[in-house]
Structure formats: C-alpha cells, structure tokens
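**Student:** The amino acid sequence is not available; the structure is as follows:
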C-alpha cells in the first residue's frame, strides 16, 4: 500500500471506526481487519500517528492497531510478517516521535517501542538504547519526558524475558546502564527537593520514572551471588528516603503531590521487596534495616496512622518474605548450613527477640485484626459484598489478608513464643462482653480470629470441646445487634477447629447451633458464614483457616498434616435428624441473596450437602428442583453461576437416581446449551455440562428420545475438545449400556466417523479409549455390532501382524479380533477372506500369521479377563477345522494352559477347578441402594459376557471333543507332540 494512494482510504476508515454509529463502525472495523495482513498498512498507520493535526481519537485508534499488529506480524516467521525494510523504516520513524503532545498517545507509543525492543533489541535495533540515553539528556523538556517514559517501558519489557540467553543480555545491559540510571535518579530527586514549588510535580514524575528503571535493573539485572557497589549504595539510601518521604507527606497540602509522593514511596518499598525476592543472598546486609523499618512504622504506637494502606501492606509483606525465604533457613544440621543462610538466620534470630515477638503478636491481633468502621459500614450497606471471601493474591494488596498471612507466618516460625501470647489474650477476653460495648466486641472478635487462624498451633493448649459447649454456644444465642459480629466470628472459629479438635460427640450440638444462625430473621452475613461453615469446615472436613490464600505454602503445610479427617469425621446418621431444617434454611438463603457470587456459594453448599447425604435428600429436593429453572433463566449473563447450577444438578441427579428421569425435560436443554461448541458459553459450561450429561445417562432407567437427540452435540465435542475426550467416551459408553440398539440405529455412522477421525492424530491413551468403545459394541450386540466398525478392522489386523504397539494398545487390538472370533465367527471368517484377497494371500496364511503374532504378544496382556478372552477365542478356532490352526495346535494349547493357571482355583487340595471369573446370577444383583442404574446395567451385561459366562476348562474340553470328531485319531497324535510340561499340565486340568 502506498501512502499517496491508500493513505486517505485508511484515514477515512479509521475515522469511521471511531464513529458511534454502528452502521459505520462495523464495516470500518471489518475493512481494517482485512488490511491487517497487507504490506504497507502499518507504515500508513504510523504516518497517521505522527500527524499531530489529525483528531486525537483517530490517532489513538491508529496506534492501538499498530501495537496489536506488532504482536501478530513483527516476528520474522509469523504469517504475513512485515518485511525487514518496512520494519527498519518504522523503527527509524518511531525514534522521531518523542515530541508527542498527547500523554495518552505518548504512553502507547512508548509501549509500542517496548514491544518491538523486546523482539529486536539489542541485536536488530542496536541504536535504540544509546538514542534513548541521549534523548533523556536533551534540552527539550518534552523530548526528555517522552524518552524517559520510553526507557522505562523498554527496560521493563527486556527485564520480563526469562530465557537464559536473554537474561545474560539483560545483565550485560545492566552493567552498562546501572550507574547512569542511579545518577539520573539521584539528580531527579535532588532537583525535586531543591526546585520551586510549581516545578515539584514535574521533577517528581521524572524521579518516579527513573526509579522504575532503576528498580528493574537492580532486581533483574544483577546476579544474586555478586555484590554491586552501586546497587548496595542505592539500597542503603532507600531506607532514609522512605523516612524522609513519610514525614514530608503530612506537610504537603497539594493532593496531586501527596498522590505522587505516595506513588514514589510505594515504589521504594517495591524495590526492597523485589530485591529480597530475586537476590536474597545479596539482600542479607539489608535484612536488619528492613525489619527495623517495618517495626518502626507498622508496630509502634507513635507512628500509628502515618502510613496509607498500600505502604503498610508492602512493609508487612517485606517482613513476611524475609521470614518465609528458604534462602534464610539453616539446614536441619547447623553444621551443614552454608555461610549465607546461617548469617541470615542469625540476623533474624537476633532481631526477633521474645519481647519483640510478643509486641508484634499483640499488635497484629489488637490493632490490625479488629473490624474497622469502614468494614462495619460495608456490612450494613452491602452484606453480600462483605461476605465475599478474598482469594488468590489479595494478601499482596489488602491489609487484612496481608496481616493474617503475616500472623500465621510469625506463629509458625516462633510458636513457642507466640502461643502463650494468644492464650493470654483469650484469658483476658473470655468474659461475656456487654452487648452495648462495641469496642470490646470488636476486640474479642479479633482475638477469636487469631485463635481460629492458629488452630493447628494451639492444638495442645486449648480444650475446644469444653470451650465450645461452656462458652461459645452461649455467645451464639445472644441476639443483640452488635453481637452479630461475635456470632459470625464464633461460627467461623468453630469451623476452623472442627477438623482439628472437635470430637464427634460435639457434632450434633454444632448442627443444632447452626440452625438458628441460618434462619430468615438472622443477619445475612451471619447466615452466609454459617452456610459456608457447614460446607467447608464440617461436611468437607478440610480446614480453611487461611481462606484468603488456599495456595499459600503455610496452608499447604497444615493441610498436608490434617486433611485425613475428611472421610471419618462426618457421619450421615448424626446429621440426618437435622437435614430437613438445614436444607430448608439453605434454600431460603439461596432465594434471599441477590448477588451472583453469593448464589454460587450457597449453591455449592447445597450441592455438597446433596452429595454427602445422597439418597436421604430425595424427600427434600423438590423445592430446589422447582427453583433451579428460573434461576437458570435469570443467570443468562453469569456463566460461573450457571456452572454452579450444573454442578448442583449433577449431585441432585445422583441423589435422586432413577427418579431424576422426570427432570429430563429441563436437564436435556441445559446439556444441549452447555455442550454446544458453536455457542460462546460452552467455554465456561462445557466441562460441567458433560459431567451432568454423563450423570443423567447413568441414572436414567431407559433411553428417551430427548437423550438420543442431544447426542448430536457429541461429534463436534470429540473433534474440538481433546481435554474432555475421556468424559465424552464415558458418555458414549453410557449410551451403549442404556440402549445399544436404538443408539446405534440413529448414530452409528456419526460414531464411526468421529472415532475414525480421532485415530489419525491421537496418543496411545486415546486409542485405548476408542478400542474399548468398539469392543463394548461387539460385546453388547454380538450380531449387529461387529458390522458397525467394519472399516476399522483391516487397520487393526495390519497393526497386529506388522507393528510393535504400545502394550495396552496391542492388548486391545487382540481383544477386538478375539471378540469377533468368539461372538461372530462367521463375520470373522468373511473378514479374513476379504483381508486375504486385498493382501493377495490365502486365508490360512492370514490366520496363521495372526495366531503367531498373538502368541508372541501374549505378554502384553495383563488383565485376567483379556487373557481368558484370548484363550476362549483360541479354543473356538480349534473347532473350525482350519489347517493353520491345526499346524499351531501346540501354541494354542500352550496359551490355553497358561490362562487356565491364571483363572482357575480350587477350594480344597484335590477339589475341582473353579473359574473365578465366571459370574453367577447372584453376582449381578446389587445390594447397595447407592448404585446407579448404570452400575446395575454393567453388572447385568457383564454376566452375559462369555468371559464371565463360560468356564474355560469346560469350554476347552468341549472344543477338543469337536476337534476329535473332526480329526479323529490325529488329535491323539497332536496331543503326544505337545511339550511334556504343557501336556502334563493340560492333563491335570482336564481330569
């Protein structure tokens, strides 16, 4: 595209793309999309960006398209990649855009240059950094600002590269830039401190950008095992600068300057955090000043209120990271500890004296844990928002999860010192609090929070059973308004301890205590906490003392120790008397909450309750069944809520069993929507939808027309979503057990096409799943089944004869052929005839080669059932009077004798042989009411399988008799020619 001929067209199209009129907007966007891969398009966009006379929104859109184009087409081997000449020209022109007057566009240009630099710098754009360093020193203030902004983004992009070669390049870059960046930052800070008031904001902006550059160089550009004088000087100065800026913030009246000072303060603490994380050994000299800084500003009454939240969070997390760092832990044997960890450990232990630890522990509990006025206001204004649990990395940004995380770290590291502190706090606040004394209630709430979080560490120090029934239950019954805070905290506390030290005898009292807390008249936050406690901490038994960060290593440490309480703590019979009331309360709560997140939480509780109580929930499930269709309609724009609905329905169907057939008119449309890959919501719903689909099939008493019709979604699922292939195969198997004739009559061609297309590009594990489906079809429909997959058998036979397959694949391939021999000998004979004709050989040659290959690969077969299947098929071949089989009589008999050893047993020393794989009618009967219809069908079909129907010894005797009728005295001759050991063992079995 040439600028003079196409530039105006691009400009006009960009203008239309900025329109609010959808009739102009959509065609323009489509046109721009078509131009993306055309040569010269991005050069024109750069021209548009460079023209300051054009509308800002048009230039803004142009730079966004330009930035996205770099991501897609700048790499040399990308489809429709930009030519080297065009890229060189664009890089040269980009270096002339440092006079951009619009800050937002200037930022995008800087990001654009950084994206290119990440791919080309320093090798393919060697002059960029020298140019930027010169531009930073320019006399023009605007050029200087834009160059500094670009330098920041370029250094940030280069620091993000993680390959060893890229890190080495960045280290070399740091060696050349660090002194310059340090001097630049000091110069900007000096200018800020000495400038006129009206220039303060300008110099502070420069200082912030130069600090960002310096932060990346120090954290990512230096190796941990090297000491750098510039880096050490800079880090040493950080502490004094933090002190100066904290004191200066309160003297500043300008809101803009206060905000920028806070930004620079936050960056200074990030420098310490990043340096400790990425260069822990080099940070050892700064451990003590860092800890002193944290204690001074976060745990001292004189400095209370000086810090804004983000600064407090960073300082507290700095202390936490020092305590948690594995680089600062000595080996179990101190003598084996390397010098650096030993030095760091000594510094830590010298700082954290018992006095300091007691002060930190009490300060965390009494000053950071109590709910604030903002918390209580949020409780009143938006209780559902208040109840939402913070998760993930919230401890990095929010003060409450941050302090709780630090508290757990300190308690774990110094349990012997901190446990008595917590116990003293409990004793100080064990009395019943005046309901009108809000401060006392908040303090007691904070103490209970500490006890709950440290439940594992206080295991030996608190008799929780006694405390629960003598005091905590009574506090749950106090209904004054302020006491809602303690009611919520007490039930949360019980949840933290229930998997640690609450005896089974206390469970009924706990279930009874939960009921009033979930009633409609109770505070909504308390109701939701009671519901969450019921699910997470009582039914599940997995401890959630650190709900803010489930992936936190401390949580993992505790969970690894105590998770086993899950299976035996919860007893259905104990909970059964409370089930109706609890279910009714949860259902009412589900109706009362309005937010999507809240409904998801309550649905998960109900889902888990249904799962754990199983069939006992049937009398109470009708109200939920009636409500869920309307909730599904209301949640059209909330896919995660719909996921929760699908999960609940899955557990509900499992609980209802065959009674769930009446829900299919509602369930099948849900399955159709959630598993339709042509609809956008399937990205969220597909996995849960497939699970529901499988469960509905497992519990269905018969195959309905609706279930048959929804299978039309399956071919595309198999084609596009390999992650869910195993579940898809399970669904197909469920269809086959439920109604094989009807299913194959309607979908046999579709099934065959799907499986054949899969086999062209799939791993061995997937091939095994496919062969199991084919085998199941042959087993369930001996007459019609073999013909469904006739196109697959030549490949299977060829693989058996010619390839060394993965052992499980080889075993399945042999099983398929053996099924054909056993279930439909005539079809197998026809198949061998066709295969011999195509291979231009004889049937006996094919059959002989097949027997030889199977005997050779017999060691690949591990399962006794498959071994017996091969023996039955070989015995069947004996009665076929084929010369290929007769010639291999010894091999066939040897396999049969080997399998007889595997599947035969005797009840007495000289008693008769019993084939333990044979199932009687009693074996097919289910005595477990929890078994699904699918399990019952599987048992019934298994009883009809020849492997479980025929006694191998008797089957072999019968086939040998038929062979004797066909061959007469020749059988005796063949028997005498057997290996002596094989002949002896066969005679032993046949007696």
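**Tutor:** Looks like it arrived, so ask away. Predicted model, so just to flag it, every value in this text is computed and none were measured.

**Student:** What are the contacting residues of the helix or strand in which residue 260 is found?
**Tutor:** In this structure, residue 260 is located in helix 255-278 according to DSSP states H and E. Under the contact criterion C-beta atoms under 8 Å, 6 or more residues apart in numbering, helix 255-278 has outside partners 200-201, 204-205, 207-208, 211-212, 214-215, 218-220, 224, 235, 238, 241-242, 245-246, 248-249, 252, 282-283, 286, 290, 308, 310-311, 314-315, 317-318, 321-322, 325. Yep, even glycine has a C-beta here, placed from its N, CA and C like the rest.

**Student:** Contacts for stretch 804-824, please.
**Tutor:** Residues external to stretch 804-824 that are found in contact with it (C-beta under 8 Å, 6+ apart): 764, 767-768, 771-772, 774-775, 778-779, 782-783, 785-786, 793, 796-797, 799-800, 827-828, 831, 850, 854, 857, 860-863, 866, 869-870, 872-873, 876-877, 946.

**Student:** pLDDT (mean, whole number) over it?
**Tutor:** Along stretch 804-824, the predicted confidence averages to a pLDDT of 90.

**Student:** avg pLDDT for the helix holding residue 260?
**Tutor:** Mean pLDDT, computed over helix 255-278, is 92.

**Student:** For the residue lying closest to residue 322 once chain neighbours are set aside, give its distance to residue 415.
**Tutor:** Counting by C-beta to C-beta, 6 or more residues apart in numbering, residue 322 lies nearest to residue 287, which is 5.8 Å off, once chain neighbours are set aside. Computed with C-beta to C-beta, to the nearest Å, the distance linking residue 287 and residue 415 is 21 Å.

**Student:** The two: who's more crowded?
**Tutor:** residue 287 (21 against 15; other C-beta atoms under 10 Å).

**Student:** My reading is that that one lies in a helix. Confirm?
**Tutor:** Yes: for residue 287, which was evaluated using DSSP: H, G, I helix; E, B strand; the rest coil, the result is membership in a helix.

**Student:** Pull up the distance across stretch 467-478, start to finish.
**Tutor:** For stretch 467-478, the first-to-last residue distance is 17 Å (C-alpha to C-alpha, to the nearest Å).

**Student:** ranges for the helices of the stretch 251-400 of the chain?
**Tutor:** Counting by DSSP state H, counting those that start in this stretch, the segments of the stretch 251-400 of the chain that form helices are 255-278, 287-298, 309-324, 339-351, 354-363, 373-381, 383-387, 399-413.

**Student:** ok, back up a step: who touches the residue nearest to residue 322 in this structure?
**Tutor:** Under the criterion of C-beta under 8 Å, 6+ apart, the contact partners of residue 287 comprise 322, 328, 344, 347-348, 351.

**Student:** Any chance of CSV for these, columns neighbour count, distance to residue 366 and pLDDT?
**Tutor:** Output for these, formatted as CSV (neighbours: other C-beta atoms under 10 Å; distance: C-beta to C-beta, whole Å; pLDDT from 0 to 100):
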residue, neighbour count, distance to residue 366, pLDDT
322, 26, 23, 96
328, 24, 28, 92
344, 22, 30, 92
347, 18, 28, 94
348, 18, 24, 94
351, 16, 22, 95
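
**Student:** Just the closest of those residues to residue 968, please.
**Tutor:** residue 328 (88.3 Å; C-beta to C-beta).

**Student:** and that closest one, what does it touch?
**Tutor:** The neighbours of residue 328, taking C-beta under 8 Å, 6+ apart as the test, are 280, 284, 287, 322, 341, 344-345, 348.

**Student:** give me that answer again for 7 Å
**Tutor:** With C-beta atoms under 7 Å, 6 or more residues apart in numbering as the criterion, the residues that contact residue 328 are 280, 322, 341, 344-345, 348.

**Student:** now residue 119
**Tutor:** Residues 74-75 are the ones in contact with residue 119 under the rule C-beta under 7 Å, 6+ apart.

**Student:** what pLDDT does it get?
**Tutor:** What the model reports for residue 119 is a pLDDT of 93.

**Student:** same question, residue 502
**Tutor:** We have a pLDDT of 81 for residue 502.
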